[in-house]
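Visitor: Need a 3D model of the sequence below.
(chains A and B)
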Number of protein chains: 2
Amino acid sequence: MEQNGKHINTLIVGVGLIGGSFALSLRRCGYAGRILGVEASEENGRRAVELGLVDAVVGLEEGIKGADLVVLTTPVDTLPELAVRVLDMVGDGQVVIDAGSTKETLCEAIEGHPRRGRFVATHPMWGTEYSGPDAAQREAFAGRNVVICEGERSDKDALALVEEIYTEFGMPIVRMGAEEHDLHTAYVSHISHITSFALALTVLEKEREDQHIFDLAGGGFESTVRLAKSSARTWVPILMGNKYNVLDVLREHIHQLQVLRKQIERDDIEGLVDSIHKANSIQRIIK
Amino acid sequence: MEQNGKHINTLIVGVGLIGGSFALSLRRCGYAGRILGVEASEENGRRAVELGLVDAVVGLEEGIKGADLVVLTTPVDTLPELAVRVLDMVGDGQVVIDAGSTKETLCEAIEGHPRRGRFVATHPMWGTEYSGPDAAQREAFAGRNVVICEGERSDKDALALVEEIYTEFGMPIVRMGAEEHDLHTAYVSHISHITSFALALTVLEKEREDQHIFDLAGGGFESTVRLAKSSARTWVPILMGNKYNVLDVLREHIHQLQVLRKQIERDDIEGLVDSIHKANSIQRIIK
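Guide: Presented below is the predicted three-dimensional model:
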């Protein structure tokens, strides 16, 4: 194991896919120091210790006391209140971050907090369709971007520590306002999940026999429907918390499907070819 | 290389992703014999020889003469006419197959042909979003199902040879009627491509700055949008050739998206949770 020599006592609040992967990544990058966890689910807490994600599970107050870094990785609807509660308890040497998929509500909630500077709002652009401590991965995050929102509202030393950790994780840093973040993640990330949920519902509705789905599912269907396994506990708060941006992009998506439908209905081959050529241009951005 | 000792002279008509991969798979499984190619594009023909997919490129008539097996892997709109033309030229010892994604029109076109028995209609459930000879893969097909349609209309020896080859490729065989095949592939495979094209169009429409897409694309977006790179030359004929089934499932898909949209619009958390739970059940079928 690489030893970067840095000693950081970390508290992970919510030791699931993201929190657990964060803990494993700290170890992977050779950070020393205790890693403690706070877990609402007793079962997940026990599993997180068994898997070696955290050294022990503790209460929130107790955990915060000795922590240099507090990482909030609970569902996004819990974050604004939790962030305020945690900031109420931290002192000058401590840093708090979150890893949530929406940012505006959270940033607003902590905006006037006397300890706002100790908080760094982050969104590592990594995840899988699985959840819970068993889904945590040691090689998570590496090679993906991390968005840091409103970095100018964080204290310099707090921001520096967080940037250093994400850089060690192998994540290029992108800076954005919270409002801007929520708009663009709706357009790129949140809509993919809705597409995939809707595709699964469509296939399950039309295809009453599982055997046919099983027989005919090629690699294409599997990759397109993969995100439909994602958890409601994670995604309902993200979609509701980013409601207006999500509705905006969803309206456009339904419109695009209606255009394709009309082209097929009307034997508009030329139009359909044009649409597919236009869609193909996504490859100039995504390898 | 495994040597199964079987000597089959093969002619591949259309040496792209599927035809090229078929040739490589024959070699992988140790089949001996010449593999010749017929290619409408001079450039692709030259490339197919350079890559060692086929030993040489020849004319259709010339190629058929010495072939034990003729594999038709051109776009589906060309298959009915091509299949008839090829059947006109083959004799008793020869076998013709296709690998197209739609089957009804093709099977109808050859239904009354005096040589119908020499034809085996197949659809290996494998593909990628890339096309052309450079996209061909040696490890293609293995582990995926292959559908054989109307096997009862093929001569026993022809069917036996084709089943043996696909079994060597590592493909479980599924039997289906042509009409049934087109219905179920629309539901499972064709709709995935439309979803993905529409997602790419949506993101490109809403997100005018490529940099934002690039910055925020996590693994989720990439896997959902992957199929949007698929070629119009391949997919327009599939979608148009399976028009009524495709429109039927597309209508359902738009409906499902509208239901999700309404749930988000009306803060119907309970409904949204139910929808996602229902969508999650796709994991009982797809690992």
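Visitor: Pull the contacting residues for the closest residue to A:Q283 other than its chain neighbours.
Guide: Spatial nearest neighbour of A:Q283, excluding adjacent residues (Cβ to Cβ, 6 or more residues apart in numbering or on different chains): B:K229 at 4.7 Å. Using the backbone N, CA and C atoms, a C-beta is placed for each residue, glycine as well. Taking Cβ atoms under 8 Å, 6 or more residues apart in numbering or on different chains as the criterion, B:K229 is in contact with A:280, A:282-283, B:129-130.
Visitor: Try it again at 6 Å.
Guide: If a contact means Cβ atoms under 6 Å, 6 or more residues apart in numbering or on different chains, then B:K229 has A:280, A:283, B:129 as its contacts.
Visitor: mind putting these in TSV, distance to A:V54, secondary structure and neighbour count included?
Guide: Shown next, in TSV, are the contacts of B:K229 (distance: Cβ to Cβ, whole Å; DSSP: H, G, I helix; E, B strand; the rest coil; neighbours: other Cβ atoms under 10 Å in any protein chain shown):
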residue	distance to A:V54	secondary structure	neighbour count
A:N280	45	helix	17
A:Q283	41	helix	15
B:E129	40	coil	21
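Visitor: Walk me through the domains of chain A.
Guide: The record's domain parsing of chain A by automatic domain parsing lists A:10-176, A:181-284.
Visitor: Endpoint to endpoint, the last one covers what distance?
Guide: By Cα to Cα, to the nearest Å, the extent of domain A:181-284 from end to end equals 22 Å.
Visitor: quick one, phi/psi of A:L36?
Guide: A:L36 adopts backbone torsions of phi -110, psi 160, taken as degrees, to the nearest 10.
Visitor: What is the burial count for it?
Guide: Using other Cβ atoms under 10 Å in any protein chain shown, A:L36 has 23 neighbouring residues.
Visitor: so it touches A:I64, yeah?
Guide: No. When contacts are counted by Cβ atoms under 6 Å, A:L36 is not listed as touching A:I64 (9.5 Å).
Visitor: where does chain A have low pLDDT?
Guide: By pLDDT under 70, the weakly predicted segments of chain A are A:1-4.
Visitor: residue contacts, the residue nearest the centre of it?
Guide: Residue closest to the average C-alpha location in chain A (Cα atoms, centre = their mean): A:S101, at 4.8 Å. Counting by Cβ under 6 Å, 6+ apart, A:S101 makes contact with A:I238.
Visitor: Repeat the analysis, applying 10 Å as the threshold.
Guide: Going by Cβ atoms under 10 Å, 6 or more residues apart in numbering or on different chains, A:S101 touches A:18, A:75-76, A:123-125, A:127, A:147, A:181-182, A:185-186, A:189-190, A:193, A:234-235, A:237-239, A:241-242, B:218.
Visitor: Please spell out which residues along the biggest helix by length in chain A are buried.
Guide: Of all the elements of type helix in chain A, the one with the most residues (DSSP state H) is helix A:243-265. Using 16 or more other Cβ atoms under 10 Å in any protein chain shown as the test for burial, helix A:243-265 gives A:245-246, A:248-250, A:252-254, A:256-257, A:259-261, A:263-264.
Visitor: near chain B, from the residues you listed?
Guide: With Cβ under 10 Å from any Cβ of the partner chain as the criterion, the members of the buried residues of helix A:243-265 in contact with chain B are A:245-246, A:248-250, A:252-254, A:256-257, A:259-261, A:263-264.
Visitor: which one of these is nearest B:E205?
Guide: Comparing those against B:E205 with Cβ to Cβ picks out A:E252 as the nearest, at 5.8 Å.
Visitor: Surely that closest one is in contact with B:E205?
Guide: Yes. At 5.8 Å, A:E252 counts as touching B:E205 under the criterion of Cβ atoms under 10 Å.
Visitor: any common contacting residues for the two?
Guide: Jointly contacting A:E252 and B:E205 under the rule Cβ under 10 Å, 6+ apart are A:Y187.
Visitor: Tell me if stretch A:174-185 is near chain B.
Guide: Yes. Counting by Cβ under 10 Å from any Cβ, contacts between stretch A:174-185 and chain B involve A:174-176, A:180-181, A:183-185.
Visitor: Mind checking which of those residues are in strands?
Guide: Applying DSSP state E to the residues of stretch A:174-185 next to chain B, the entries found in strands are A:174-176.
Visitor: hang on, the earlier thing: what's the distance between the residue nearest to A:Q283 and B:I238?
Guide: In this structure, B:K229 and B:I238 are 15 Å apart, going by Cβ to Cβ, to the nearest Å.
Visitor: For A:V13, give its distance to chain B.
Guide: Remark: distance between A:V13 and chain B (Cβ to the nearest Cβ, to the nearest Å) = 22 Å.
Visitor: That residue is in contact with A:G45, isn't it?
Guide: No. When contacts are counted by Cβ under 10 Å, A:V13 is not listed as touching A:G45 (11.5 Å).
Visitor: Pick out whichever of those two has more residues nearby.
Guide: Between A:V13 and A:G45, counted using other Cβ under 10 Å, the more crowded position is A:V13 (26 against 19).
Visitor: Let me see the contact set for the more buried one.
Guide: Taking Cβ under 10 Å, 6+ apart, one finds A:19, A:36-40, A:60, A:63-64, A:67, A:70-74, A:78-79, A:82-83, A:86, A:96, A:98 in contact with A:V13.
Visitor: What of A:V15?
Guide: A:21-23, A:35-39, A:41, A:44-45, A:47-49, A:51, A:53-54, A:57, A:71, A:73-74, A:132-133, A:136.
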